[in-house]
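*Asks:* Structure for the following, please:
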Amino acid sequence: MKPNNCPIPTITAVYGKEDRDFLIKEGNYPKENIVITGNQRYDFLPERIKEYDKKEIISELGLDDGKRTVLFITSPFSSDNNIKTLMNEIFNEISSLDNIQLIIKVHPTENERLYEESAKRFKNLDFKVIKNKNMFELLYVSDIAITTYSTAGLEAMIMKKPLIVINLTGEDYPIDYSGDGAALRVEEKGILRTAITHLLEHYKLKINLLKNADRYLHKHLYKVDGKAAERIINIIENEVKEW
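*Replies:* A predicted model of the protein is given here:
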């Protein structure tokens, strides 16, 4: 069915401006039929964060509270060679940094043993491999997040954590957070340690990155204020009143 012949809902609720613009441009939606509400998936977060205790989470994970923490959020690749190349580069670069510990958050579809065996080869690497743990708790205790194209990169921005996107394959990722300046992009071997060091030591760089991340979030998620579901309900109730 061609877009011009598709039935248009009276009201369509979308997460952010990016979704609204897409529907207008590609779906021929009238802009007055679209309302931006944010993503109700994250409505729990503003209140949940208030309950987090950093020392308690660090203790539970067996981390060193005297070290800075880098969180590597994995994503499944089609090629084992790509995974190994990525792991070796990240582990080698971080093992050369002082006073840094690494959390490896393994994707639910991946085997954590692959990451454990690879990380063990780097003698100076202080690491923990974690698969079944709440992502937001891990982000809460981390100073920097690294990913390829995981949707958890968006969650790192929500948690106000500087994000590094690493791409050593040259492939186009389905999601590229660095395109809008919301993340630092690492495309060559040997520069990840510099990116990490700069984010930890240069306050202005970190702040500028987080400002760009906030703009990215507003474009894609509008507000993460715990009220997205409330806004959706209000839309439904208002429409019902008009029937």
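*Asks:* okay, Asn4: pLDDT?
*Replies:* Note on Asn4: pLDDT of 60.
*Asks:* Once you drop chain neighbours, what's closest to Tyr173?
*Replies:* Nearest in space to Tyr173, with sequence neighbours left out and distances taken as CB to CB, 6 or more residues apart in numbering, is Tyr149 at 3.8 Å. For the C-beta atoms, the positions are set from N, CA and C on the backbone; glycine is no exception.
*Asks:* again, but for Lys84
*Replies:* Nearest to Lys84 is Ser118, by CB to CB, 6+ apart, at 7.0 Å.
*Asks:* what's the spacing between the helix or strand harbouring that neighbour and its chain's center?
*Replies:* Here Ser118, judged by DSSP states H and E, is contained in helix 112-119. Helix 112-119 sits 22 Å away from the centroid of its parent chain (CA atoms, centre = their mean, to the nearest Å).
*Asks:* which is the next helix or strand following that helix?
*Replies:* Next element after helix 112-119 (DSSP H and E): strand 127-130.
*Asks:* sorry, back to before: burial count for the residue nearest to Lys84?
*Replies:* Here the number of neighbours of Ser118 (other CB atoms under 10 Å) works out to 20.
*Asks:* Test my guess that it contacts Ile90.
*Replies:* No - if you go by CB atoms under 8 Å, Ser118 and Ile90 don't touch, sitting 9.6 Å apart.
*Asks:* still on that earlier bit, just give me the neighbour total for the residue nearest to Tyr173.
*Replies:* If we define neighbours as other CB under 10 Å, then Tyr149 has 18 of them.
*Asks:* what angle sits between the lowest-mean-pLDDT helix or strand in the chain and helix 112-119?
*Replies:* Within the chain, no helix or strand scores below helix 80-95, which has a mean of 90 by mean pLDDT, DSSP states H and E. Compare the direction of helix 80-95 with that of helix 112-119 by axes from the mean of the first three to the mean of the last three CA atoms, to 10 degrees and you get 50 degrees.
*Asks:* Give me the helices and strands touching helix 80-95, please.
*Replies:* strand 100-105, helix 112-119, strand 163-166, helix 192-201 (3 or more CB pairs under 8 Å, 6 or more residues apart in numbering; DSSP states H and E).
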